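Asks: predicted model follows, preceded by the sequence.
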Amino acid sequence: MSLPVNFHFSQASLADYVDCPRRFQLRYLLEQAWPAVESEPLLERERLAELGRRFHKLIQQHVEGLPSDVLTPSSSEPELTRWWQNYLASLTAMLSDLPADRRAEVALSIPLKTYRLTAHFDLIATTTDRAVIVDWKTEQRQPTREQLLKRMQTRVYRYVLAVAQQRPPGTVSMIYWFAHYPDQPIALPYDAAQHADDHQFLTTLIEEIEQRAQQDGEWEMTLQERKCAYCVYRSLCQRGVQAGTLTAAEDDLDLVAQITFEAVDAIEY
Ligand code: SF4
């Protein structure tokens, strides 16, 4: 087995590898489909995933120019309505300060070694001397700045934007905005030292995956078995049958990052 020369890495696939090399092998190299759910109760998971998708879609349409009064969710969806109202209220504070050229649901891809590294952005707002990434989060608990700085998403997004737009890293920043904590967005500025560190980190990680792919056999399974309860391959790996509960995952921010409800198709540029 080897890594295809044009393989597309993403924050999700790299996070999967760091979480568990075997999961990366099963999901991206062997493309192993497995009929299990990530978490229980299934209906609640599907409901939250759908709410997250619709919330992102509402913002995308709003950024693209549709007026807020035609986008208002129905009163039978109090959670979505509350998130939407929180978003609109934030527009006059944090969001109104964003550069005027705003694009929602954008995918940017850069070369890294012989591969591609792709990031799907909820929003990028740019001028010639400033670029801000905004990521909308609907997770119940708010991570700390330090936890966000360590997330693969933060590393990949800021790095990809700086490289794709050939910007000095100091002109890039990222804001995580939380629907449950609208007054507490977390802004993460970027600089040349972080960019150099990300380049080293991402290149080393990809080289490690590349070398592992040249060897036969099953890749190493995570030693953090709590992650297996939220992984679709748990029965294949003989790491249990029952999915973990959403309630239990809420207290573990690593698991929250593993279970995402915020996938929206991005527009490729
Ligand atoms: S079940 Fe556990 S060991 Fe198996 S791929 Fe998933 S996280 Fe890795």
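Replies: Received, thanks.
Asks: gap between the residue sitting nearest the centre point of the chain and the ligand?
Replies: Central residue of the chain (Cα atoms, centre = their mean): Q153, 5.2 Å from the mean position. In this view, Q153 and the ligand are 19 Å apart by Cβ to the nearest ligand atom, to the nearest Å. Yep, even glycine has a C-beta here, placed from its N, CA and C like the rest.
Asks: could you do Y176 as well?
Replies: 25 Å.
Asks: still on that earlier bit, how about the residue nearest to the centre of the chain, nearest residue that isn't a chain neighbour?
Replies: Of all residues not flanking Q153 in the chain, Q11 sits nearest, at 4.6 Å (Cβ to Cβ, 6 or more residues apart in numbering).
Asks: so the one you found makes contact with I133?
Replies: No - the pair Q11 / I133 is not scored as a contact, 11.9 Å apart, by Cβ atoms under 8 Å.
Asks: starting at the chain centroid, how far to stretch 138-151?
Replies: Distance of stretch 138-151 from the chain centroid (Cα atoms, centre = their mean, to the nearest Å) equals 12 Å.
Asks: should've said stretch 43-60
Replies: How far stretch 43-60 lies from its chain's middle: 14 Å, per Cα atoms, centre = their mean.
Asks: report the mean per-residue pLDDT for it.
Replies: Summarised as a single mean, pLDDT over stretch 43-60 is 86.
Asks: tell me the SS of Q238?
Replies: The three-state label given to Q238 by DSSP: H, G, I helix; E, B strand; the rest coil is coil.
Asks: brain fart, H120
Replies: Of the three states, H120 takes strand under three-state DSSP.
Asks: pLDDT at it, what is it?
Replies: According to the per-residue confidence, H120 scores 96 in pLDDT.
Asks: cool, and the one 4 residues further on?
Replies: Predicted confidence (pLDDT) for I124: 97.
Asks: I'd guessed it sits against R130; true?
Replies: No - between I124 and R130 no contact is recorded; they are 10.9 Å apart, counting by Cβ under 8 Å.
Asks: comparing those two, which residue is more hemmed in?
Replies: I124 (26 against 14; other Cβ atoms under 10 Å).
Asks: before we move on, which element is the more buried one in?
Replies: Assigning secondary structure by DSSP states H and E places I124 in strand 115-127.
Asks: for the helix or strand just after that strand, name the packing helices and strands.
Replies: The helix or strand immediately downstream of strand 115-127 is strand 130-137, counting by DSSP H and E. In this structure, strand 130-137 packs against helix 42-63, strand 115-127, helix 152-164, strand 172-178, with contacts taken as 3 or more Cβ pairs under 8 Å, 6 or more residues apart in numbering; DSSP states H and E.
Asks: show me where this protein has helices.
Replies: Using DSSP state H, the helices of the chain run over residues 11-19, 21-24, 42-63, 78-91, 145-150, 152-164, 192-213, 246-250, 253-258.
Asks: pLDDT of the shortest one, averaged?
Replies: Going back to what we said before, that points to helix 21-24. Per-residue scores along helix 21-24 average to 96.
Asks: hang on, the earlier thing: any residues in contact with both of Q11 and I133?
Replies: Y157 (Cβ atoms under 8 Å, 6 or more residues apart in numbering).
Asks: and these two? Which one has more around it.
Replies: Using other Cβ under 10 Å as the criterion, Q11 and I133 rank with I133 on top: 25 against 21.
Asks: where's the closest residue to that one other than its chain neighbours relative to the ligand, distance?
Replies: Closest residue to I133 apart from its sequence neighbours, by Cβ to Cβ, 6+ apart: M174 at 4.3 Å. To the ligand, M174 is 27 Å away according to Cβ to the nearest ligand atom.
Asks: and the helices of the chain as a markdown table, adding distance to A33?
Replies: Shown next, in a markdown table, are the helices of the chain (distance: least, Cβ to Cβ, whole Å):
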| stretch | distance to A33 |
| --- | --- |
| helix 11-19 | 15 |
| helix 21-24 | 14 |
| helix 42-63 | 17 |
| helix 78-91 | 31 |
| helix 145-150 | 31 |
| helix 152-164 | 24 |
| helix 192-213 | 20 |
| helix 246-250 | 23 |
| helix 253-258 | 19 |
